[in-house]
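Trainee: Build me a model from this:
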Amino acid sequence: MNEPLSAIVIPPPLLIHIYAYSLSIMTVSGDLHGKIALVTGGGRGIGLAITRALAQAGATVIITYTAKDPTAVATAISQEFGVPVHVYYCPGEKSEVVNLVFEQASAEVGEVDLVIANAGVGLWRETIDMTDGRRQIVTQALTTPVELATLMHTNLFAPIYLARAAVRYWLGLPATVQGDISGIVNMSPQFQMAYNASKAGLTMASKVSMSYRLWLTRQSLAGEWAKYGITVNSVSPGYVKTDLIANPPPGEGAEWVAKWGAMTPVGRFADASEVGDMVAFMASGRASSFMTGHDIVMDGGYTTY
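Mentor: Residues are numbered from 1 along each chain as shown. Below you'll find the predicted structure:
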């Protein structure tokens, strides 16, 4: 590897972007022609917006999924932007499966340059009502009785499994790695303790230990992988117009959606395409080649309160 790797992380989904090649050409959203990107959960929501942004920038995209098959979506994106878009089934809760799928995709599609682990789930329950066991997730709605262990495996462990698999694979090859997206930690009290903890853990895993955050681990990805020429950064979106915002869960869901909108100074929710464009921009070597352990907050001013 002659050029630095780079890693980006993002919160509602979390993004870890790791790559071995600095891109020499960059527009506002980045020029990714000739690059191969892997996006977990890239067939819906913010992940879909990321897939579209990367494809528009010229990248070949690999979408992984666990529930709804996004083949039709992948075909449409491929036809729209004239780049290959591939689909692989990959439940991210088991590291051996993540390793196998990454190796298979690399062998069949080509050396993956960018890995964005975007897949995640939410949990809207009081802490005392949560159980410890794992349960199959059948919907993305916040009212789904997702068990604590499943949420942690999906939001925290799976992105780490992916980043680790990518780095292990690419350290032996002259190529690029990129990887994951996590959710912004809520600034006001909500019934999302486990969700916030899982996302905070993933965000912190991407950062280097700093004096103002003494509790950050020294063996964070940014600090640990810098010696390999890998930079690790994160992008933290605020509230984004996804299915959850358009169709809030029953009960207090609609009330919270209204509160989120009122607490965003710019007066609106983010469009998923804005997050996708930021990811594509950060995928450029010129955008992040000397930046590591940093978090890009694009929340419409939400955290200024």
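Trainee: From the contact counts, what lies against the helix or strand that Ile296 is a member of?
Mentor: Using DSSP states H and E, Ile296 sits within strand 295-298. For strand 295-298, the elements it packs on are strand 230-237, helix 272-282, judged by 3 or more C-beta pairs under 8 Å, 6 or more residues apart in numbering; DSSP states H and E. Yep, even glycine has a C-beta here, placed from its N, CA and C like the rest.
Trainee: Which neighbours in the sheet does that strand have, and how are they oriented?
Mentor: strand 230-237 (parallel) (DSSP bridges).
Trainee: could I have the strand it pairs with exported to PDB, CA atoms only?
Mentor: In PDB, the C-alpha atoms belonging to strand 230-237 read as follows (Å, rounded to 0.1, in the frame of the first residue of the first chain):
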ATOM      1  CA  ILE A 230      -5.700   3.900   7.600                       C
ATOM      2  CA  THR A 231      -7.600   7.000   8.800                       C
ATOM      3  CA  VAL A 232     -10.900   6.600  10.700                       C
ATOM      4  CA  ASN A 233     -13.500   9.300  10.800                       C
ATOM      5  CA  SER A 234     -17.300   9.500  11.300                       C
ATOM      6  CA  VAL A 235     -20.200  11.400  10.000                       C
ATOM      7  CA  SER A 236     -23.100  12.000  12.400                       C
ATOM      8  CA  PRO A 237     -26.400  12.900  10.700                       C
END
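Trainee: Now do it against helix 272-282, angle only.
Mentor: Inter-element angle recorded for strand 230-237 and helix 272-282: 160 degrees (by axes from the mean of the first three to the mean of the last three C-alpha atoms, to 10 degrees).
Trainee: next SSE after strand 230-237?
Mentor: Using DSSP H and E, the helix or strand that follows strand 230-237 in sequence is helix 243-246.
Trainee: Show me what the very next helix or strand once past that next one is packed up against.
Mentor: Later in the chain than helix 243-246, the nearest helix or strand by DSSP H and E is helix 253-262. If you count contacts as 3+ C-beta pairs under 8 Å, 6+ apart, helix 253-262 packs onto helix 243-246.
Trainee: What residues of the helix it packs on count as buried?
Mentor: Leu244 (16 or more other C-beta atoms under 10 Å).
Trainee: who does that helix touch, helix- and strand-wise?
Mentor: helix 253-262.
Trainee: how about the helix it packs on: buried residues?
Mentor: 253, 256-257, 260.
Trainee: Sheet partners, orientation included, of the helix or strand hosting Ile116?
Mentor: Ile116 belongs to strand 114-117 when assigned by DSSP H and E. Sheet partners assigned to strand 114-117 using DSSP bridges are listed as strand 36-40 (parallel).
Trainee: could I have the strand it pairs with exported to PDB, CA atoms only?
Mentor: Presented in PDB, the C-alpha positions along strand 36-40 are these (Å, rounded to 0.1, in the frame of the first residue of the first chain):
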ATOM      1  CA  ILE A  36     -15.600  -0.600  -5.700                       C
ATOM      2  CA  ALA A  37     -17.800   0.200  -2.600                       C
ATOM      3  CA  LEU A  38     -19.600  -2.200  -0.200                       C
ATOM      4  CA  VAL A  39     -22.600  -0.700   1.600                       C
ATOM      5  CA  THR A  40     -24.400  -2.800   4.200                       C
END
